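A.B. asks: test case, fold it:
(chains A and B)
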Amino acid sequence: MLEGLIFLIMGLITTACALCVVFQKNPIYSAIFLIQTMVSLAVLYVLLHAPFIAAIQVMVYAGAIMVLFIFVIMLLNLSKTDVEGDRDNLLFQKPSAIILGLVLLVMIGVVTLKTVFQGTKGEYTPESISQIGNTQLVGKLLFTKFVFPFEIASILLFAAIIGAIVLAKKQIIKDEKV
Amino acid sequence: MIPLTWYLILSGVLFSIGAVGVLIRRNAIVIFMCIELMLNAVNLAFVTFSRQLNSMDGQIFVFFIMTVAAAEAVVGLAIIIAIYRNKATVNVDDINLMKW
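C.D. replies: Residues are numbered from 1 along each chain as shown, chains lettered A, B, ... in the order given. Below is the predicted model of the structure:
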C-alpha cells in the first residue's frame, strides 16, 4: 500500500518535471527540472530493489552530467530571446509534434498493456539479492560475466575525453592575429 | 506489490515527453536534455524488466547506458560549444549546412 502511494507520488512528480523540462522557455529552468526528474527516478529504482543503480543515478546523472549541462548553459550565457525566436520556420511544427507524441504514447501503452511478458526467470530473487548485497552482486557480475563490455566502456570513456578536448579547445583563428 | 506494468507505462510517458521535446524545441542544449530524458526512460524499463525476470542483467545494462550517456553528453556539449564559437548561436534552425 505504502509502496503504491510512493509510486504514485513519484510518478506524478517525474511526469510533471519532465513536462516542465520541455515547456520551460529558459534552458536553466529546464536543467533544474531535469535534475528533479532524475532524483525522483532514483526513488523509483529503490522501489524496484536496485539501490546501487539509484545511487549512481543520483551521483552520475544528477551530479556529474547535469553539472556539465548547467556549466555549458552558463558558459554560453544564453538569453531566451536569441534562442527561441518567435519565427516559425516549419508550419504547424508544435501541434503536429504534440499529436505525434500522443500517438507514440498510445502505441506504447497499447503494446505494454496487451503484451504478456514472459521469459525464463533468473536466479536473483529480491531475497537472494538482499542476502548477497546488490552492490556486491553488480561488482561480481561486472568482473566476471560482463568483463569484456566493462573494458570496452573504459576505452569509450577515454575516446570521449580525447574527443571533448579536441572539439572544444580554442581554435586559433587567423582573424585574431591580424 | 504494485504491478510492474505501471513502471513500463511511466517509462513510455517519459519517452514520449522526451521525443516531443526533441521535435518542438529549437535550443540545441534543451534538445540534448530531452535525449537524456529518453535515455532515463529506457533505464527505467530496463530496471523494471530486471526486477520482473529476477535477473541482474538489466541493472548491468543500465550501468553501461550511464557510461555511454556520460560520454555522449561530454562530446555533444563540446560540439555545441564549438558551434557556438563559430556561429554565435545554438538555434538548430540556424545550423543547417548539412541540410541536403
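
A.B. asks: from now on I want contacts and neighbour counts done on CA atoms only, so please keep to that.
C.D. replies: Fine.

A.B. asks: what strand or helix carries the closest residue to residue A:42 other than its chain neighbours?
C.D. replies: Spatial nearest neighbour of residue A:42, excluding adjacent residues (CA to CA, 6 or more residues apart in numbering or on different chains): residue A:54 at 4.4 Å. Using DSSP states H and E, residue A:54 sits within helix A:51-56.

A.B. asks: packing partners for that helix?
C.D. replies: Contact here means 3 or more CA pairs under 8 Å, 6 or more residues apart in numbering or on different chains; DSSP states H and E; on that basis helix A:51-56 packs against helix A:27-47, helix A:134-143, helix B:57-87.

A.B. asks: do that again at 7 Å, thanks
C.D. replies: Packing partners of helix A:51-56 (3 or more CA pairs under 7 Å, 6 or more residues apart in numbering or on different chains; DSSP states H and E): helix A:27-47.

A.B. asks: neighbours of residue 76, how many?
C.D. replies: Went with chain A since none was named. 16 (other CA atoms under 10 Å in any protein chain shown).

A.B. asks: please refer instead to chain B.
C.D. replies: Neighbours of residue B:76 (other CA under 10 Å): 19.

A.B. asks: check the gap between it and chain A for me.
C.D. replies: 8 Å (CA to the nearest CA, to the nearest Å).

A.B. asks: how's chain A carved up into domains?
C.D. replies: Listed by the TED database, the domain ranges of chain A are A:1-78, A:128-172.

A.B. asks: so how far is the first one from its chain's centroid?
C.D. replies: Read that as domain A:1-78. Relative to the chain's own centre, domain A:1-78 is displaced by 8 Å; criterion: CA atoms, centre = their mean, to the nearest Å.

A.B. asks: can I take it that residue A:116 is in a strand?
C.D. replies: No: secondary structure of residue A:116 (DSSP: H, G, I helix; E, B strand; the rest coil): coil, not part of a strand.

A.B. asks: if I look at it, how far off is residue B:5?
C.D. replies: 10 Å (CA to CA, to the nearest Å).

A.B. asks: quick check on residue B:27: phi, psi?
C.D. replies: With angles defined as degrees, to the nearest 10, residue B:27 sits at phi -70, psi 120.

A.B. asks: give me the below-cutoff pLDDT ranges for the chain.
C.D. replies: Unless you meant another one, I'm taking chain A. Filtered on pLDDT under 70, chain A yields the residue ranges A:79-89, A:171-178.

A.B. asks: um, chain B though
C.D. replies: For chain B, the ranges with pLDDT under 70 are B:100.
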